[in-house]
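> This is the structure alone, sequence omitted:
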């Protein structure tokens, strides 16, 4: 695992140049690259399929696109940056005056050097994106606008990995594969997630894991609408992974009431394993937790990011490129998600077996001399036992006694071995207990 | 409605000079003036009637009262200010020395220029009120004290308006009509409330409305004791209106546990519709919420004021006159109560009808281009849908998603029309949910 | 009661010199002195008896112990301070070099002038304790170490007082009698507790009281393991009394969830009756609440101290002597515990008997003149009535209306006498309600 972060980063670099949208060849090419790391099952859902309130759109593909000035110079070209074309643009091949062109040009005035990311999935349009500075320098005269795209019946394509565990209860990981060349808000998600899949494949799993690579929104709507009964029956906790490659922050996006097992596990890990993190309420949602947590889906899912979508300055522009993500950024995300998985895999209920405190000393678990301070040496162990009342799961106890799950797991192993506690397999509750009590 | 505030203010001015007490002609004159705005049904309850732990007192009326000094000058006179006589004073016609007079003189040392308001309903006394400054200048010598009052069997009189709605569940508005010439702490309440009655009479009402004009304490005790079964069965929420005419503050007086539908509606409106307000616990109660919320009555009632009784310097003195209330003060109160009524009338439960987010775009509810910031445009709508899980009523959702009910109502109408949500008529819960959740 | 504090202090002084450990003659001598104040029933549990996960240890007694230097001077001697010997030291009589001696010397480097308190109950060892300064001055050369102790089959001895009340529900007071000459962290507990027993013996008791004088940890484990069914059925609230003699602080050690009737009573008394106190969570426990509150025992017990064990600088050293405790320190503790007992004895549920507020005036409970401020005079009484809804016990009401129980008790008596409220005997709940409500 020494260089896991570099592998993830290099995969992100490989995925970056692909011209993706919510359908089309870019999605399939992305999935085929992910498949090189760990086998991904590909699903194709035909255009026009009704998925809940929506319909799977036509498949969009694009070969080339440019604007030429009156001298024949390509002033912007899809080949140089695939953000230059509005996503789902219909074909066009026209000579236009500057005045006629301008309504089709999109810029971001707040970030005048960057090309913004714009799409028009559900209304037929064509358009180009460029920097505000470039737009302001456009000369008078005619322009040749050319987009060689197709919008035809085809498929919405997504990838799925299922890793069975001892239990048929599932942990869901979901990420998206639908944006063109953006780094944090696109390739970081699938690059991290496929390596988490590889990690999980090597685990002796308590839970089953379902890992989804979907076009955002329409992909999760499609998946949920076709699998809702299964998901509601089996998903114990789920995480939407997005913007997981930069170094600047850790972010948690709560489920609607912030009280699911997913929230509980992720909050616990962030509280103990990173130096700082930011909590966002569900009002600040923005990725596929929107669908998983919608009222009738009601799945126990929350979101995990480093710098959250919409909260960092490069978001949805050409500045969200490989320079703002890093191997160390990925490593932080990888470790948080691994700790989350560990916490969930270890999250049993515990109950002490002895009336009164057990005698730790006779089992070699307690210093045999009592002196000032000796009690502190075994505080974590005795605190664990004190709250192992059968009503708290491991994460509850971690929160109450203020010890990370990672520190408690070896203690649990010792206590089980010494028959001081018993482990119970119950469905973990969604209640989040924080801190010890002296009301 | 352009000049509603002026109408209310002018009504208050008309009510101000009347010499009111908890019984007597002043109450009846007050009710007959209110009746000119909207018809008020008059009830008379005979003196001596047992009302719970109390008894309806004798009816008190007063024709004139004065103190003359030894030169025959009227140094105080009921005709100049009806606060000069202690309420329920028995008749007197005597010559007294200064020493004999002083025990019958009431002043307010903290406000030495003002005449205090004093009553003695349940023990037979007579007395005069004057400013501390006037008292300190009383000369030695004899005084002629004269009170031409009667304390005889008669009636306790109150007014009631009942406006039936689609539901037999009622919203209660209660205000008092028992103080002599005071402005904020007397005439503001009935003046506002009769105009609210007029407003309500023009509404297509979901709820029925019961509007009471009562002498404080003994009036509400009388009403409650004679109507408790009906009230407990029908009242969904109630408000005691008092001190609603000044410009200085908005105040909320909580029910005993602050958790009734009345608290929920009023707190929500104050949170979103005024710039600032002060919350008082039930420990700071003082008007008829004392009776409505008493343990065996246990009605869902809270109090609404601008500057709360007991909290403003002119309270219970002659300085509580028309100069401290204003049309704009009334307008603020009128608007808060109207918003409260609107919130209650609109407070249904909502449940989304589509699995996953609905496609707003195809219904013209969503911008068809996606660009940086576009999501914010429909945030309120999507947030509403996100919490329309059938467990939240409109006020809950308003509190959670941080949008005023007044902004949500048109959104609800659109969503109902588009069959994105359904409306359910459930009894609104008393739980107050505040803010989004990221525990 | 004028000099109760001096009596407690003098008893502490009498108990101080005794060389106590968890078993042996010191315990018995301590109990016989306590018996002079109020009769204590002595229990003996034989060495080797299995008590839950533990076994009653051999009985330890010691006659003398010293270290002589090569000149024959006793450089330390049990007779001068019984902290000089490690508790449960096995016999020794040897000539050792300084190098051989040092591993058997215990000091406290953080408090270099003090002798630390050290024990080795569950592993056979011998050792001496001295100040760090003395150790650093030990000359080279040989030393004669001598400990004349016995470690033999005998008994664990504890004392018990049972005071029957009208109810078979019990209040438990538990303190320890197992440390040698330490003042706050030893003799303060039994000295205070025996006088509380004497006080309780003179009460007309609602509750029964069970008062235990136990060696810490093994004593409470023994008692609990032999009486668990009875305790779980009968104990309504319990308090572990420890470090109750100094003047510096009041401390509360919460039960695991801080929500038992014991927590509720003690927190209420500390909130109202002392100027300041410190709350510790169960994570900071350290005395026999460890056993009473262990998950399978699960008794409603919390801890009371002045300066909490482990939190004051003299703790577990020879500086914890009679100079750091005082009669006034004891008086503070005595008063808090008496108020706690009073609160529990008086903690019934109350329900008002009149619809609406009762008429206090006709019963002489209300001023007959209404004037500015008069309402405040009867606020406590009317607030009590306002929350006497049958769902709050006396402590709940005290917490809600912000009046001490001691002020409410005479009000309750008046209201019962006047048939304004009724008293109900219900089992008090563990919920702690704080403050009035204006959510």
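Noted; the coordinates are in hand. Fair warning: this is a prediction, and the values are worked out from it, not measured in the lab.

> And the biggest helix by length in chain A, what's buried?
Ranked by residue count and defined by DSSP state H, the top helix of chain A is helix A:327-345. For helix A:327-345, the neighbour count (16 or more other CB atoms under 10 Å in any protein chain shown) marks A:327, A:329-334, A:336-345 as buried. To be clear about C-beta, it is placed using only N, CA and C from the backbone, and glycine gets the same treatment.

> With adjacent residues omitted, what lies nearest to residue A:111?
residue A:317 (5.4 Å; CB to CB, 6 or more residues apart in numbering or on different chains).

> residue ranges for the strands of the stretch 251-400 of chain A, please.
Under the criterion DSSP state E, counting those that start in this stretch, the stretch 251-400 of chain A contains strands at A:251-253, A:278-280, A:301-305, A:349-352, A:389-393.

> which residue does the stretch 101-250 of chain A bring closest to chain C?
Among all residues of the stretch 101-250 of chain A, residue A:206 sits closest to chain C, at 24.3 Å; criterion: CB to the nearest CB.

> just checking, residue A:234 touches residue A:209?
No. Applying CB atoms under 8 Å as the test, residue A:234 and residue A:209 come out as separate, 11.0 Å apart.

> intersection of neighbour lists for the two?
With contacts defined as CB atoms under 8 Å, 6 or more residues apart in numbering or on different chains, the residues adjacent to both residue A:234 and residue A:209 are residue A:170.

> Single out the most deeply packed of the strands of the stretch 251-400 of chain A.
Of all those, strand A:301-305 has the most neighbours on average by mean count of other CB atoms under 10 Å in any protein chain shown, namely a mean of 30.

> relative to helix A:327-345, how tilted is that strand?
160 degrees (axes from the mean of the first three to the mean of the last three CA atoms, to 10 degrees).

> Need the mean per-residue confidence for the longest helix of chain A.
Rounded to a whole number, the mean pLDDT of helix A:327-345 is 98.

> Run through the neighbouring helices and strands of it.
helix A:4-15, strand A:170-176, helix A:188-201, strand A:235-241, helix A:261-273, strand A:301-305, helix A:394-401, helix A:405-417 (3 or more CB pairs under 8 Å, 6 or more residues apart in numbering or on different chains; DSSP states H and E).

> and the ones you listed as CSV, adding distance to residue C:414 and mean pLDDT?
Shown next, in CSV, are the helices and strands packed on helix A:327-345 (distance: least, CB to CB, whole Å; pLDDT from 0 to 100):
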stretch, distance to residue C:414, mean pLDDT
helix A:4-15, 75, 98
strand A:170-176, 63, 98
helix A:188-201, 70, 98
strand A:235-241, 58, 98
helix A:261-273, 51, 97
strand A:301-305, 56, 98
helix A:394-401, 44, 96
helix A:405-417, 55, 95
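
> Just to be sure, residue A:42 is in a strand?
Yes. Per DSSP: H, G, I helix; E, B strand; the rest coil, residue A:42 lies within a strand segment.

> How confident is the prediction for it, by pLDDT?
pLDDT at residue A:42 comes out at 98.

> How about the contacts made by it?
Residue A:42 neighbours (CB under 8 Å, 6+ apart): A:28, A:31, A:157, A:158, A:159.

> Tell me where chain A is predicted with low confidence.
Low-confidence segments of chain A, defined by pLDDT under 70: A:1-2, A:367-377, A:429-430, A:438-439.

> could you redo the last one with a cut-off of 80?
A:1-2, A:366-377, A:427-439 (pLDDT under 80).

> I'd guess the residue of the stretch 101-250 of chain A closest to chain C is in a strand, am I close?
No. Counting by three-state DSSP, residue A:206 falls outside a strand, being coil.

> count of neighbours near it?
By other CB atoms under 10 Å in any protein chain shown, 17 other residues sit near residue A:206.

> residues touching it, list them.
Under the criterion of CB under 8 Å, 6+ apart, the contact list for residue A:206 reads A:165, A:166, A:167, A:345.

> Report the separation between the closest residue to residue A:244 other than its chain neighbours and residue A:292.
Leaving aside its sequence neighbours, residue A:244 sits nearest to residue A:333 (CB to CB, 6+ apart; 4.0 Å). Distance of residue A:333 to residue A:292, computed by CB to CB, to the nearest Å: 19 Å.

> on that earlier part again, was I right about the residue nearest to residue A:111 contacting residue A:113?
No. The criterion here is CB under 8 Å, and residue A:317 misses it with residue A:113 at 9.0 Å.

> who's more crowded, these two?
Counted by other CB under 10 Å, residue A:317 and residue A:113 do not tie: residue A:317 has more neighbours, with 22 against 12.

> got a list of what residue A:104 touches?
A:126, A:127, A:128, A:145.

> Kindly report the residues of the stretch 101-250 of chain A close to chain B.
Where the stretch 101-250 of chain A comes near chain B, counting by CB under 8 Å from any CB of the partner chain, the residues are A:106, A:108, A:110, A:116-123, A:125, A:217, A:220-221, A:224-225, A:228.

> switch to 7 Å and redo it
Residues of the stretch 101-250 of chain A found near chain B (CB under 7 Å from any CB of the partner chain) are A:106, A:108, A:116, A:118, A:119, A:120, A:122, A:123, A:221, A:224, A:225, A:228.

> Spatially nearest residue to residue A:69, not counting backbone neighbours?
residue A:75 (5.2 Å).

> Regarding the one you found, what is its secondary structure?
Secondary structure state of residue A:75, per three-state DSSP, is strand.

> Tell me how many other residues crowd it.
Using other CB under 10 Å, residue A:75 has 17 neighbouring residues.

> wait, it sits on residue A:98?
No. The pair residue A:75 / residue A:98 is not scored as a contact, 11.5 Å apart, by CB atoms under 7 Å.

> Pull up the gap between residue A:129 and residue A:105, please.
Taken as CB to CB, the span from residue A:129 to residue A:105 is 8 Å.

> Settle it for me: which of the two has more neighbours?
residue A:129 (27 against 20).

> wait, the more buried one sits on residue A:106?
Yes. Taking contacts as CB under 7 Å, residue A:129 lies within contact range of residue A:106: 4.6 Å.

> what residues do these two have in common as contacts?
Common contacts of residue A:129 and residue A:106 (CB atoms under 7 Å, 6 or more residues apart in numbering or on different chains): A:86, A:116, A:118.

> For the residue nearest in space to the middle of chain A, list the residues it contacts.
Among the residues of chain A, the one closest to the centroid is residue A:241, at 0.4 Å (CA atoms, centre = their mean). By CB under 7 Å, 6+ apart, the contact list for residue A:241 reads A:173, A:175, A:189, A:192, A:193, A:304.

> gap between the first one and residue A:225?
In this view, residue A:173 and residue A:225 are 19 Å apart by CB to CB.

> What of the fourth one?
Relative to residue A:225, residue A:192 is positioned 26 Å away (criterion: CB to CB).

> From the neighbour counts alone, determine which of those two ranks first.
residue A:192 (29 against 20).
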